[in-house]
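Visitor: take this sequence and fold it.
(one chain, ligands or ions: 3)
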Amino acid sequence: MGYARVRSIGLVGLEGHAVTVEAYVAPGLPTVTLSGLPDTSLNEARDRVRAAVVNAGQEWPNRRITVNLLPADLPKRGPGFDLAIAVVILAAAGRLTLRALGGAALIGELGLDGQVRPVRGVLPMVAAAARAQIRRLVVPADNAAEALLVPGVQVRGVASLAQLIDFLVAGVTLPVPTTETDEEPEDDGPDLSDVVGQERGRFALEIAAAGRHHLAFLGLPGAGKTLLAQRLPSILPPLSDEAALEVTALHSIAGLLPAAPRLIRRPPFQAPHHTATAAALVGGGSGVVRPGAISLAHHGVLFLDEAPELKPHVLNALRQPLEDGYVLIARAQGSTKFPARVQLVLAANPCPCGVGAEAACSCTPLARRRYLGRLSGPLVDRIDLQVTLAPVSAAALAGPIDPPESSAAVLKRVIAARAAAAARWSGQAFEVNAEAPGRVLRSTPFRLPATTTAALTHDLERGTLSARGYDRILRVAWTIADLAGRTVPNKSDVDEARQLRLGGIA
Ligand SMILES: Nc1ncnc2c1ncn2[C@@H]1O[C@H](COP(=O)(O)OP(=O)(O)OP(=O)(O)O)[C@@H](O)[C@H]1O
Ligand SMILES: [Mg+2]
Ligand SMILES: [Zn+2]
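Guide: Ligands and ions are numbered 1, 2, ... in the order given. I've put the predicted structure just below:
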């Protein structure tokens, strides 16, 4: 008869939770009972753990074994509890003691052969452990480098159950994993110095970066919509420590981190194809739910190229996350929440035939209207910047040019503009202009003088501008002022913001 307990970490969405795994071994018919809300993968754990224990050279305790995972009300998903379950059963059976663990939490999936397999989401698990004052962790050897991204924890990696047993029984030390301390290398992603001309497009991109405004590029094929959109991350400020950890954790849960991961410092850029499913965009899957493109783009950019080609129900699935800044994925066992605060960039041709020159377009006026109409409603309502691009002429592309401004030069202005906005909005619930509610912009002390907004008032009176459109222009005007180093937008900032909206979708 015996009892033992050990700590592990469970994951619900992006949230890690300390879990206690306890085992009770008593005489009686040989059975294994698992309790504490186990899902299907936990039931499979019973068989995996048994095979792994035998293949680690241990005799299976043929007794009545009860394993319980606490707290009971926490949904437990995935195979990450295997290692803890195996070890705690052996301890309760009196085969080994857990003293050498020093309170360490165990994370790891077991193969039938007794190998410890990597699991998804080790980074958020270890981060949660650290927050719960669990500073020692034993993780799969293949995840050790990832676990070390969390500061202030002591990590040991194990490759097999036998290795962990040798440590607990005979004190054979576990290898200390090595750290990758050097920062993320300057990657040579696409740079704005590749883009010739296209002043308005470049300016719109810079405004989008500075105010974190959602952006739509419209225009004929070859206008440079994709070219520009792909360069937005190159002019976004690097992620803060907290944001970098969050983004890297989401990529960890998706199983997308490389073997020697570093914190993701550059705002992510996700460009799902227009044939993508709703699950690929917002997340899903069984067992440990995987984040979709919109969560992988958290704190970065979600680029929907050829956006009107997306299926209507897929576009619909984006509404709630764009509204709330997070995704909720419903499951029988409870829903999973992933953060999803993205900057949306849409690109669209003006019509479905995509021929190009309007003379050659074979679409009816109705078809043209319907095409962009697919984007209207809640999606387009949130897009502050809607810009139509005209292609740069072949002559301009071929001709001798001054080298276009580089992304590094633009980034400097973006960083200064963000700082100015953050200072202005300090004490408010938001820090970028795109999140400024119209009601704040329309009331003191931020209300602009009537002379400054004259053109907008005129548009409103003529019925060519909606109240929502009015607020969007104000937001953009503030960003233009921030970029120019003005403390308050002047008339030309407002007029420029208005110009950037003409010819938009809605
Ligand atoms: N301003 C520009 N400077 C340099 N190259 C350009 C420019 N505009 C277009 N190009 C060239 O033309 C190609 C097509 O541009 P891009 O793919 O961005 O067009 P698009 O607007 O996305 O068109 P489509 O609607 O067909 O997707 C680019 O890969 C680039 O080589
Ligand atoms: Mg394109
Ligand atoms: Zn057409």
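Visitor: so what's residue 84 scoring on pLDDT?
Guide: On the pLDDT scale, residue 84 is placed at 97.
Visitor: and it, how far from residue 5?
Guide: 9 Å (Cβ to Cβ, to the nearest Å). C-betas here are computed from N, CA, C, even on glycine.
Visitor: and these two? which has more neighbours close in?
Guide: residue 84 (28 against 16; other Cβ atoms under 10 Å).
Visitor: assess the claim that that one and residue 7 are in contact.
Guide: Yes: between residue 84 and residue 7 there is a contact at 7.4 Å, judged by Cβ atoms under 8 Å.
Visitor: overlap in contacts, those two.
Guide: Both residue 84 and residue 7 are contacted by 19, 21, 105-106, under the criterion Cβ atoms under 8 Å, 6 or more residues apart in numbering.
Visitor: near ligand 1, which of these show up?
Guide: With Cβ under 6 Å from any ligand atom as the criterion, the shared contacts of residue 84 and residue 7 include none near ligand 1.
Visitor: can you flag the buried ones in those?
Guide: Burial by neighbour count, 16 or more other Cβ atoms under 10 Å: within these this picks out 19, 21, 105-106.
Visitor: can you redo those residues as TSV with pLDDT and secondary structure?
Guide: Shown next, in TSV, are these (pLDDT from 0 to 100; DSSP: H, G, I helix; E, B strand; the rest coil):
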residue	pLDDT	secondary structure
19	96	strand
21	96	strand
105	97	strand
106	98	strand
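Visitor: contacting residues around the lowest-mean-pLDDT helix or strand in the chain?
Guide: Between all helices and strands in the chain, the lowest mean by mean pLDDT, DSSP states H and E belongs to helix 378-381, at a mean of 74. With contact meaning Cβ under 8 Å, 6+ apart, helix 378-381 is reached by 216, 315, 318-319, 322-323, 344, 346, 386, 468, 505-506.
Visitor: got it, and stretch 132-143?
Guide: By Cβ under 8 Å, 6+ apart, the surrounding residues in contact with stretch 132-143 are 7, 9, 17-18, 83, 101-109, 116-119, 122, 126, 129, 147, 152-159, 164, 174-175, 177, 259.
Visitor: could I get the buried residue list for it?
Guide: 134-135, 137-143.
Visitor: my guess is residue 175 meets residue 156, correct?
Guide: Yes: counting by Cβ under 8 Å, residue 156 is a contact partner of residue 175 at 7.4 Å.
Visitor: of those two, which one has the most company?
Guide: residue 156 (21 against 12).
Visitor: before we move on, what SS does that one have?
Guide: strand (DSSP: H, G, I helix; E, B strand; the rest coil).
Visitor: what sits against it?
Guide: 104, 136-139, 144, 174-177.
Visitor: ok, now which ones touch the nearest residue to residue 341 once chain neighbours are set aside?
Guide: Using Cβ to Cβ, 6 or more residues apart in numbering and skipping the chain neighbours, the partner closest in space to residue 341 is residue 325 (4.4 Å). By Cβ under 8 Å, 6+ apart, residue 325 lies in contact with 339-341.
Visitor: repeat that for residue 342.
Guide: Taking Cβ under 8 Å, 6+ apart as the test, what residue 342 contacts is 270, 294, 297-302, 321-322.
Visitor: the domain parsing of this protein - what is it?
Guide: 2-170, 194-394+401-499 (automatic domain parsing).
Visitor: what about the longest one, near ligand 1?
Guide: Yes: with Cβ under 6 Å from any ligand atom as the criterion, ligand 1 is reached by domain 194-394+401-499 at 195-198, 219, 221-227, 347, 349, 392.
Visitor: sorry, back to before: from the contacts of helix 378-381, which ones fall inside helices?
Guide: 315, 319, 322-323, 468 (DSSP state H).
Visitor: looking at the residues you listed, which is nearest ligand 1?
Guide: Nearest to ligand 1 among the ones in helices among the contacts of helix 378-381 is residue 315, at 18.3 Å by Cβ to the nearest ligand atom.
Visitor: please tell me how far the closest one sits from residue 273.
Guide: Going from residue 315 to residue 273 by Cβ to Cβ gives 14 Å.
Visitor: and what of residue 486?
Guide: To residue 273, residue 486 is 41 Å away according to Cβ to Cβ.
Visitor: any stretches of this protein with poor pLDDT?
Guide: 37-39, 180-188, 287, 355-359, 378, 400-401, 503-506 (pLDDT under 70).
Visitor: spell out which parts of the protein neighbour ligand 3.
Guide: Counting by Cβ under 5 Å from the ion, the residues of the chain close to ligand 3 are 351, 353, 361, 363.
Visitor: assign residue 84 to helix, strand or coil.
Guide: Residue 84 is classified as helix under three-state DSSP.
Visitor: quick one: contacts for it?
Guide: 6-8, 19, 21, 105-108.
Visitor: from the residues you listed, which is closest to residue 413?
Guide: Lowest distance from residue 413 to the contacts of residue 84 (Cβ to Cβ) belongs to residue 107, with 44.3 Å.
Visitor: what about the closest one, how many neighbours?
Guide: 32.
Visitor: kindly report the same for the one 5 residues further on.
Guide: Neighbour count of residue 112, defined by other Cβ under 10 Å: 13.
Visitor: what sits against it?
Guide: Residue 112 neighbours (Cβ under 8 Å, 6+ apart): 48, 51-52, 55.
Visitor: now it: how far from residue 163?
Guide: 17 Å.
Visitor: a markdown table please, covering the shared contacts of residue 84 and residue 7 and showing distance to residue 433.
Guide: What follows is the shared contacts of residue 84 and residue 7, written out as a markdown table (distance: Cβ to Cβ, whole Å):
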| residue | distance to residue 433 |
| --- | --- |
| 19 | 42 |
| 21 | 49 |
| 105 | 43 |
| 106 | 47 |
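Visitor: what strand or helix carries residue 10?
Guide: Assigned by DSSP states H and E, residue 10 belongs to strand 2-12.
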